[in-house]
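> Sequence below, structure please.
(chains A and B)
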Number of protein chains: 2
Amino acid sequence: MINSSNILWHQGKITISDREKLNNHAGVCLWFTGLSGSGKSSLSVEVESLLFSKGIHTYILDGDNIRHGLNKDLSFSDADRKENIRRIGEVTKLFVDAGMIVLTAFISPFRMDRDFVRSLIPEGRFIEIFVDCDLATCEKRDPKGLYKKARANKIGDFTGLSSPYEEPKNPELVIFNGENTDLNKNANLVIELLLQKNIIRKG
Amino acid sequence: MINSSNILWHQGKITISDREKLNNHAGVCLWFTGLSGSGKSSLSVEVESLLFSKGIHTYILDGDNIRHGLNKDLSFSDADRKENIRRIGEVTKLFVDAGMIVLTAFISPFRMDRDFVRSLIPEGRFIEIFVDCDLATCEKRDPKGLYKKARANKIGDFTGLSSPYEEPKNPELVIFNGENTDLNKNANLVIELLLQKNIIRKG
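Alright, predicted model coming up:
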């Protein structure tokens, strides 16, 4: 995807292609999707660390920086969850256009919403990564204590319990991230894919 | 602002400081504000060109990529104009945190809204640039034919005519961008400021 010619820069608006030449890697979105507790955030942090150590320009969008900022006016109703993913998709599009590798870590349970984001991003630049972990293991991890609250009926519409999770049909990558998983090994599977797709370069 | 020590990178979440070391420039926001037709967009494009030619990581947020994307659900009512700037502020904050120099080109007529964005962004990273151009010149330029429509009462609440523009009280920079202005010269005033503030380095 990246072009090896010299930087040819013109007056006027800088394009994604100009930015990719400056960065020496492509601008793409790594969209991590999966149940709460499946390890999306940990995996995205590990992948970002590996990429950053190679001098790649990355950014993570997650609940921490989105739900407390841009989307703090949104509830967890069906309409607002849809709007949540729509806005994240639009911001993701901007980061991709800026030539970054943007990693997103959101449950994003509905196929229609994820496909909407895919439709926003230029062809080949939306990499859907299904972080596959069985519900029992996710619930055992319960990093934020959310399953416990949901089981006590303190949270309605909880993905995996009272609300469905729609697995991706054709994700670019599936990471099995169950019990006794090796985070670094799994992160390297993502790196392998980016090398194969010529999104980043070896070295 | 940028730190000249070697890249020291740790496991875990990458910080703005890590990104600034990788990029060799600071992450800041250049917030261009002024009347419609004052030249905010042209100036931001020119500044970006100059920065990009120095290998600096930049991105422009403007009506083109925001009003047709993230904020396409918003009208021009008072409440929605406020929400428009709020969302742009939150996205700007993410780009600054990602270590980029993000340039924004929006009329943003209300002091309160601009000050809200300033409050979101870490100290010293919000550079407010007032693009000062008299109304008559803006109306003569009328690049999008909006003044004509507003004079024909086809647009309500038009900044400068039927809705106020509140000039910044203490902007980091004022660019006089009236008739016979030299865009490149004005863009270089912005570059000078970034050098003075140690946001970018000479060379």
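
> use CA for all of it now, contacts and neighbours both
Will do.

> Confirm residue A:174 sits in a strand?
Yes: Residue A:174: assigned to a strand according to DSSP: H, G, I helix; E, B strand; the rest coil.

> is it true that it touches residue A:131?
Yes: using CA atoms under 8 Å, residue A:174 is in contact with residue A:131, at 6.1 Å.

> Of those two, which one has the most company?
Higher neighbour count among residue A:174 and residue A:131: residue A:131, with 26 against 18, using other CA atoms under 10 Å in any protein chain shown.

> wait, that one sits on residue A:32?
Yes: assessed by CA under 8 Å, residue A:131 is found in contact with residue A:32 at 6.5 Å.

> Please enumerate the shared neighbours of these two.
residue A:40 (CA atoms under 8 Å, 6 or more residues apart in numbering or on different chains).

> now stretch A:36-48, how far from the centre of its chain.
Using CA atoms, centre = their mean, to the nearest Å, the distance from the centre of stretch A:36-48 to the centre of the chain it belongs to is 9 Å.

> residues in contact with the worst-scoring helix or strand of chain A on mean pLDDT?
Ranked by mean pLDDT, DSSP states H and E, the weakest helix or strand in chain A is helix A:63-65, scoring a mean of 90. Residues from elsewhere that reach helix A:63-65, judged by CA under 8 Å, 6+ apart: A:105-106, B:94.

> Which members of the residues you listed are positioned in helices?
Taking DSSP state H as the definition of helices, the contacts of helix A:63-65 contribute residue B:94.

> Reformat the contacts of helix A:63-65 as TSV; add pLDDT and neighbour count.
Formatted as TSV, the contacts of helix A:63-65 follow (pLDDT from 0 to 100; neighbours: other CA atoms under 10 Å in any protein chain shown):
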residue	pLDDT	neighbour count
A:105	97	24
A:106	96	20
B:94	98	23
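
> Name the nearest of the contacts of helix A:63-65 relative to residue A:19.
Nearest to residue A:19 out of these is residue B:94 (CA to CA; 18.3 Å).

> give me phi/psi at residue A:128?
phi -90, psi 120 (degrees, to the nearest 10).

> thinking it is in contact with residue A:30, fair?
Yes: if you go by CA under 8 Å, residue A:128 and residue A:30 touch, sitting 6.1 Å apart.

> Between the two, which contacts overlap?
Joint contacts of residue A:128 and residue A:30 (CA under 8 Å, 6+ apart) do not exist.

> Show me which residues of chain A are close to chain B?
A:9-14, A:19, A:22, A:45-46, A:48-49, A:52-53, A:55, A:57-59, A:65, A:69-70, A:86-87, A:90-91, A:94, A:98 (CA under 8 Å from any CA of the partner chain).

> Could you tell me which of those count as buried?
A:9, A:13-14, A:19, A:22, A:45-46, A:48-49, A:52, A:55, A:57-59, A:69-70, A:86-87, A:90-91, A:94, A:98 (16 or more other CA atoms under 10 Å in any protein chain shown).

> among these, which are in strands?
If you go by DSSP state E, those have A:58-59 in strands.

> Return the subset of the buried ones among the residues of chain A next to chain B lying in helices.
Using DSSP H, those in helices are A:19, A:22, A:45-46, A:48-49, A:52, A:86-87, A:90-91, A:94.

> Contact partners for residue A:103?
A:29-32, A:44, A:48, A:58-61.

> Narrow those to just the buried residues.
A:29-32, A:44, A:48, A:58-61.

> Pull the most distant pair out of those.
The widest separation within those (CA to CA) is 14.4 Å, between A:32 and A:58.

> Thanks a lot, catch you later.
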